[in-house]
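J.: Dropping the sequence and predicted coords here.
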Amino acid sequence: MKIRFFVVFILILITGNFFSTRLANATDAELYAQIPAISDISISPDGKHLAYITNQKENTYLAITEWPPGKAKTDPSFFALGENTSADWVNWANNDQQFVGISRSERQLGGTPYSTTHIMVTSLKTKKPKILIREGERGQFNSRVLNYMYSDPKHVIMMLNPDGPRSLEGHVPQVYEVDVVRGNMRRIQAGDADIQQWVTDRTGAVRVGLGIDLRDGSYQLQIKPVATKENPRPAWMHIKDLPGLTIDTDIFGFGADLDTLLVGSDHKTDTKALYGYNLNTKTFSAPLFHDEDVDVSSVRFDRAGNLTGAVVIKEEPETHYFGEKDLTPQRKVENRLPNHQVRMIDRTVNGKEIIFRIEAPNDPGAILYYNVDSTKLSMISPLYPGLDSNDLGMVIATQYAARDGTKLPAFVTLPPRITQTSQIKNLPFVILPHGGPHARDYKRFDFLAQFIASRGYGVLQMNFRGSTGYGKSFRESGKGEWGTLMQDDIEDGVRWLIAKGYTDPKKVCIVGASYGGYAALMGAIRTPELYVCAASLAGVTDLDDMIGDMRRYQGGRFAAERFIGKLWTDAAARKANSPVRRAGEIKTPILLVHGEDDETVHFDHFLEMRRALSKSSAPTSFLVLKDGDHHLSKYENRLAFLDGLGEFLDRYIPSDKSQAIQANAP
């Protein structure tokens, strides 16, 4: 298989004006359907160039420009990717070469969809893109960089499972030192049949292996002590030798102390706390940070590898910083933008120049540049040009009680015309449960929720039991509760809206994607009295089919068993909670949408459900997204979905705004 690229040179400086004007005449759906103008960005180690992935409707480019733009001596270069190739990330390998992670959707002979990934390398000197790993040595995944080794600009550390003659263990991932110019590889860590992921420390040494035993599904973890002069080749320690570490332990990596692994663990508390795990004594430290309500989700390090903060997600992401007197650059920017979520994207080797991404629940966000010495903060680009934060809806964090009294976190996005909670009366509402189902929502910019709100609807999103981030009890209580407890929690949110007078009970629709799409269909089956209509994007329709699809992939049997919980051994319950088996009961209007190349929930879920719905009396609408994946990654598919959903909602639960638009239509 050959990956083709072509190069385009466009005489444009990257300025806010370019990005903000190119969609000046766009429709509402076109504005919300945008793929972010910059989906990833990287600054060169010396700070003299930027490389970024920019999206312009159907087209995606890698752009390279001198930095800062006022000192640029050459025009930016734009590299357009080949057909059906998506750009996932960009990073500088050294001051000359840029790595771009790309992926392509493929199909096995039996039709099973899967992705292959590669690294496209471009050079400031040659401006000729090429694929890093030679064709005869490529496996399925060829873009997993474990360490960029900026102290050695000629090499990176990569995890590969090559199919070529250098592979001694087939598809088992191995770790290589790769020459970034020639593509030559030197293996530094042999594969292990039970390890699917390797982790290095900041020096580039391979220190952690994670995976499952493909024979019995047991969790596998192995950790290597730091090498010393006395013991230059220490032996691996396995999970049986590491008391307290389990499949639910989050591995955050090594900080400045290479003998201590930083982990998130709930071995003593219901929510995960941050600990150091000493590899010499094989014991946990005292908690470095713990929040009684939510899990620690990630950590922050400085350039030297020192731990600077622990991140939790409450209503929004929050960082607990260690060292009150030491204001890190991240913290300084957060202080200047108190109502925004700030995330560091990249920084120079000396740490003096930093790229940040910012956003807020009612602000689509931007990419910013920060100079540590001058403290200058400037915009590189808005993420959604043409979307004004003043035109977006307010997002409110709240909670409601489930029927058994459990408090469930929830978020309400309101139409832009509503600026006070006292105005929330008898609105048409869309219920928008998240996917996963073992994921979570929080206050952030959500293009789908804001699009729906812009048309005059309220939007309710909730974290039903089984959602992550709220501790072990909350997470585990939803395991295996497909169509039952998790569905109850969603329904109780509708009843809460009605009891409060926030919604007109005759104007409620349920919409969701992935697991949320499944929940939308089950809502139409279980409680048709609550929903006037239901829309499913990439929704699971058959639990048995989902299990079968998962088993086609490596380790899928055990992933499915853990994912589906108690339903694994209950065929009758799987049938009773599969929408395709009960489609004949549906009378609620249905919109069914699915991408042809969905690797997560295969397209046959759509085909089977469409066939089954022919036996129901429900009004139905169907939308097939050509070459569509699970995540609406293509602009044209995102636009088609938003247009179709907007029309569907306006037909069955028209808002004041949609009725006014229709009344004024020619």
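T.: Sure thing, it's come through.
J.: any chance you could read off phi and psi for the nearest residue to residue 590 once chain neighbours are set aside?
T.: Distances taken as CB to CB, 6 or more residues apart in numbering place residue 620 nearest to residue 590, at 4.9 Å, with adjacent residues excluded. Where you see a C-beta, it was placed from the backbone N, CA and C, and this is true even at glycine. Torsion angles at residue 620 (phi, psi; degrees, to the nearest 10) stand at phi -130, psi 150.
J.: Ok, the one 5 residues further on next?
T.: Note on residue 625: backbone dihedrals following degrees, to the nearest 10 are phi -100, psi 110.
J.: residues contacting it?
T.: Under the criterion of CB atoms under 8 Å, 6 or more residues apart in numbering, the neighbours of residue 625 are 593-596, 632, 634, 637, 640-641.
J.: Likewise for residue 208?
T.: So residue 208 contacts 198-199, 221-224, 251, 253, 261 (CB under 8 Å, 6+ apart).
J.: Recalculate using a threshold of 7 Å.
T.: 199, 223, 251 (CB atoms under 7 Å, 6 or more residues apart in numbering).
J.: Within the helices and strands, which one has it?
T.: Using DSSP states H and E, residue 208 sits within strand 206-212.
J.: That strand: how far from the chain's middle?
T.: 22 Å (CA atoms, centre = their mean, to the nearest Å).
J.: And the helix or strand following it, what does it pack against?
T.: Downstream of strand 206-212, the next assigned helix or strand under DSSP H and E is strand 219-223. Here strand 219-223 touches strand 206-212, strand 237-238, going by 3 or more CB pairs under 7 Å, 6 or more residues apart in numbering; DSSP states H and E.
J.: can I get the CA coordinates of stretch 318-336 in CSV?
T.: The C-alpha trace of stretch 318-336 is given here as CSV (Å, rounded to 0.1, in the frame of the first residue of the first chain):
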residue,chain,number,x,y,z
GLU,A,318,-9.2,22.0,38.1
THR,A,319,-5.5,21.8,39.0
HIS,A,320,-4.1,21.5,42.5
TYR,A,321,-0.6,23.0,42.4
PHE,A,322,2.2,21.9,44.6
GLY,A,323,4.3,24.8,45.9
GLU,A,324,2.2,27.9,46.5
LYS,A,325,5.1,30.3,45.9
ASP,A,326,6.2,28.9,42.6
LEU,A,327,3.9,30.2,39.9
THR,A,328,4.4,28.0,36.9
PRO,A,329,3.8,29.4,33.4
GLN,A,330,0.6,27.4,33.2
ARG,A,331,-0.6,28.8,36.5
LYS,A,332,0.2,32.4,35.4
VAL,A,333,-1.8,32.0,32.2
GLU,A,334,-4.7,30.5,34.2
ASN,A,335,-4.6,33.5,36.5
ARG,A,336,-4.9,35.8,33.5
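J.: contacts for that stretch?
T.: Against stretch 318-336 from outside (CB under 7 Å, 6+ apart): 289, 300, 302, 307-312, 342, 344, 354, 356, 370, 372, 377.
J.: How about stretch 525-537?
T.: 487, 491, 494, 506-513, 517, 520-521, 523-524, 579, 582, 585-593, 641, 645, 648, 652-653.
J.: ok, 6 Å please
T.: Residues outside stretch 525-537 that contact it (CB atoms under 6 Å, 6 or more residues apart in numbering): 491, 494, 508-511, 513, 517, 520-521, 523-524, 582, 585, 588-593, 645, 648, 652-653.
J.: Over to stretch 57-66?
T.: With CB under 6 Å, 6+ apart, stretch 57-66 has contacts from 14, 49-54, 72, 76-81, 87, 100, 635-636.
J.: so of those, which ones are in strands?
T.: Residues of those located in strands (DSSP state E): 49-54, 77-80, 87, 100.
J.: Kindly give a single ChimeraX line that selects the buried subset of those residues.
T.: Selecting only the buried entries of those in ChimeraX, with 16 or more other CB atoms under 10 Å as the criterion:
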select :49,50,51,52,53,54,77,78,79,80,87,100
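J.: now the ones in strands among the contacts of stretch 57-66 in CSV, with distance to residue 112 and pLDDT?
T.: Converted to CSV, those look like this (distance: CB to CB, whole Å; pLDDT from 0 to 100):
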residue, distance to residue 112, pLDDT
49, 41, 95
50, 39, 96
51, 34, 96
52, 34, 96
53, 28, 94
54, 32, 91
77, 38, 84
78, 35, 86
79, 31, 85
80, 29, 83
87, 24, 89
100, 27, 94
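J.: Now distance to residue 37 too, for the ones in strands among the contacts of stretch 57-66, in JSON lines please.
T.: Listed next are these as JSON lines, based on distance: CB to CB, whole Å:
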{"residue": "49", "distance to residue 37": "19"}
{"residue": "50", "distance to residue 37": "14"}
{"residue": "51", "distance to residue 37": "15"}
{"residue": "52", "distance to residue 37": "9"}
{"residue": "53", "distance to residue 37": "10"}
{"residue": "54", "distance to residue 37": "6"}
{"residue": "77", "distance to residue 37": "18"}
{"residue": "78", "distance to residue 37": "14"}
{"residue": "79", "distance to residue 37": "17"}
{"residue": "80", "distance to residue 37": "16"}
{"residue": "87", "distance to residue 37": "13"}
{"residue": "100", "distance to residue 37": "17"}
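J.: Out of the helices and strands packed on strand 219-223, which is closest to residue 266?
T.: strand 206-212 (17.9 Å; CB to CB).
J.: Sheet-wise, list the partners of that closest one with their directions.
T.: strand 197-200 (antiparallel), strand 219-223 (antiparallel) (DSSP bridges).
J.: got the ones you listed as CSV, with distance to residue 393 columns?
T.: Below are the strands paired with strand 206-212 laid out as CSV (distance: least, CB to CB, whole Å):
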stretch, distance to residue 393
strand 197-200, 39
strand 219-223, 43
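J.: residue ranges of the helices in the stretch 451-600 of the chain, please?
T.: Assigned by DSSP state H, counting those that start in this stretch, the stretch 451-600 of the chain shows helices spanning 472-476, 485-500, 515-526, 543-550, 556-564, 571-576.
J.: Restrict the fifth one to CA atoms and write it as CSV.
T.: It stands for helix 556-564. Output of helix 556-564 as CSV, limited to C-alpha atoms (Å, rounded to 0.1, in the frame of the first residue of the first chain):
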residue,chain,number,x,y,z
GLY,A,556,-11.5,-8.2,22.2
ARG,A,557,-13.1,-11.1,24.0
PHE,A,558,-11.8,-10.0,27.4
ALA,A,559,-12.4,-6.3,26.6
ALA,A,560,-16.1,-7.2,25.8
GLU,A,561,-16.5,-9.3,29.0
ARG,A,562,-15.2,-6.4,31.1
PHE,A,563,-17.2,-3.8,29.1
ILE,A,564,-20.6,-5.6,29.2
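J.: Would you mark the buried spots in it?
T.: Here helix 556-564 shows 557-561, 563-564 as buried, counting by 16+ other CB under 10 Å.
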